[in-house]
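A.B. asks: Output the structure for:
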Amino acid sequence: MTRPALVLAAASAISEVEPPAEVVEAWETRLDYLERIGDDIEAASDGSGDPSAAQPTEQETAANEELTDWWFATCES
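C.D. replies: Down below sits the predicted model:
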């Protein structure tokens, strides 16, 4: 499986799960990011895109941090 396919498979799996209410917005932001970078990686691999386009935005980074914090807090309880 190629990297874009892995990323898009992850996005597909995440999209099938109903996120907990406290992280809905971050969840959706993360899903959008995964879908975007799958396309960006594919474009970069065939030479038609800029590899740096796959870098997360500040909003995407903040969403990832929120989800990571939520995950660890959930696992601790």
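A.B. asks: If you count neighbours, what's buried in stretch 40-48?
C.D. replies: Buried positions in stretch 40-48, judged by neighbour count with 16 or more other C-beta atoms under 10 Å: 40, 41, 42, 43, 44. Backbone N, C-alpha and C define where each C-beta goes, glycine included.
A.B. asks: I'd like those residues laid out as CSV, including pLDDT and distance to residue 31.
C.D. replies: Conversion of these to CSV gives the following (pLDDT from 0 to 100; distance: C-beta to C-beta, whole Å):
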residue, pLDDT, distance to residue 31
40, 77, 15
41, 76, 16
42, 74, 17
43, 74, 19
44, 72, 21
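A.B. asks: Need those residues in CSV (columns: secondary structure and distance to residue 73).
C.D. replies: Below are the buried residues of stretch 40-48 laid out as CSV (DSSP: H, G, I helix; E, B strand; the rest coil; distance: C-beta to C-beta, whole Å):
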residue, secondary structure, distance to residue 73
40, helix, 31
41, helix, 31
42, helix, 34
43, helix, 36
44, helix, 35
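A.B. asks: what about the helices in the protein?
C.D. replies: 3-15, 24-45, 58-76 (DSSP state H).
A.B. asks: Tell me which of those helices sits most buried.
C.D. replies: helix 24-45 (a mean of 18; mean count of other C-beta atoms under 10 Å).
A.B. asks: Just the CA trace of that one, in CSV.
C.D. replies: C-alpha atoms of helix 24-45 as CSV (Å, rounded to 0.1, in the frame of the first residue of the first chain):
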residue,chain,number,x,y,z
VAL,A,24,-15.9,16.7,17.6
GLU,A,25,-14.3,19.8,16.1
ALA,A,26,-10.7,18.6,16.6
TRP,A,27,-11.7,15.2,15.2
GLU,A,28,-13.2,16.8,12.0
THR,A,29,-10.1,19.0,11.6
ARG,A,30,-7.8,15.9,11.9
LEU,A,31,-9.9,14.1,9.3
ASP,A,32,-9.8,17.0,6.9
TYR,A,33,-6.0,17.1,7.4
LEU,A,34,-5.6,13.4,6.6
GLU,A,35,-7.6,13.7,3.5
ARG,A,36,-5.6,16.7,2.4
ILE,A,37,-2.2,15.3,3.0
GLY,A,38,-3.1,12.1,1.1
ASP,A,39,-3.7,14.2,-1.9
ASP,A,40,-0.6,16.3,-1.2
ILE,A,41,1.6,13.3,-0.8
GLU,A,42,0.3,11.8,-4.0
ALA,A,43,1.0,15.0,-5.9
ALA,A,44,4.5,15.3,-4.5
SER,A,45,5.3,11.7,-5.4
